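>>> Sequence first, then the predicted structure:
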Amino acid sequence: GESVGLHLPTLSVQEGDNSIINCAYSNSASDYFIWYKQESGKGPQFIIDIRSNMDKRQGQRVTVLLNKTVKHLSLQIAATQPGDSAVYFCAESQTGANSKLTFGKGITLSVRP
Amino acid sequence: ETGVTQTPRHLVMGMTNKKSLKCEQHLGHNAMYWYKQSAKKPLELMFVYSLEERVENNSVPSRFSPECPNSSHLFLHLHTLQPEDSALYLCASSQAVRGDEQFFGPGTRLTVL
């Protein structure tokens, strides 16, 4: 079946450094991708999304890159802060009636002071 | 705050108990979802409601019974659960069931003894 996955279960970065979290997807028909952040004791919260007609989208300190050729998605966080410590999920879908998001397992980002 | 609330936040129950989880969304959305989140596993979609009609039931055991009395409220009725049902239960909503952004509640941490 189709799957969405993350390459590494944990990522440790120094405060102030840039973080890159990677995600692979296998459904070539997917046209919508989203990143969520889940802090301890909270539900997932939207970070940024991107549609397949784009290959890059920027938010505040975050950038999502989409490479449809190799079916790869990445989340870049600039100047990582302690508040960025959380579990990050990628998800994808083939948008349309009755379509749902398919989620990856999640990667834990730990920021060292 | 995402506009999706869940109660209770924590629940401990015995295998013979009957309890209910409640979700309410204040976003005017037409679709609501129940997910199960277990450690080191992707989010598992349990049920999907669109305009108060159930549109998906992902082979969930009958000891989980959803109810959607209106587009703002969603319940998950629990009875004769098993210890392996212990998990974080997340509610989400979206404008429609079409594979785009979902807004999550904080979840109910369920422990079955």
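Structure received.
>>> Can you tell me which residues in chain A are near chain B?
Proximity of chain A to chain B (CB under 8 Å from any CB of the partner chain) is limited to residues A:4, A:9, A:32, A:34, A:36, A:41-46, A:49, A:89, A:93-106. For glycine as for every other residue, the C-beta is placed from the backbone atoms N, C-alpha and C.
>>> for the residue lying farthest from the centre of chain A, what are its contacts?
Residue distances from the centre of chain A (CA atoms, centre = their mean) peak at A:Ala97, which lies 23.7 Å from the mean C-alpha position. By CB atoms under 8 Å, 6 or more residues apart in numbering or on different chains, A:Ala97 lies in contact with B:97-98.
>>> Strands of chain B, residue ranges please.
B:4-7, B:10-13, B:18-25, B:31-37, B:44-50, B:53-57, B:64-70, B:73-79, B:87-94, B:103-104, B:108-112 (DSSP state E).
>>> Partner strands of the shortest one and their direction?
With DSSP bridges as the test, strand B:103-104 is paired with strand B:87-94 (antiparallel).
>>> where does A:Asp84 fall, phi/psi-wise?
Dihedral pair for A:Asp84: phi -80, psi -10, per degrees, to the nearest 10.
>>> Near it, how many other residues are there?
19 (other CB atoms under 10 Å in any protein chain shown).
>>> Go ahead and confirm it touches A:Leu109.
Yes - under the contact definition of CB atoms under 8 Å, A:Asp84 touches A:Leu109, with a separation of 6.1 Å.
>>> Name all residues that make contact with residue 32.
No chain in the question, so chain A it is. A:49-52, A:92-95, B:99-100.
>>> Correction: the question concerned chain B.
B:23, B:25, B:48-49, B:68, B:71, B:74, B:91-93.
>>> Then B:Glu84?
B:Glu84 touches B:Val112, counting by CB under 8 Å, 6+ apart.
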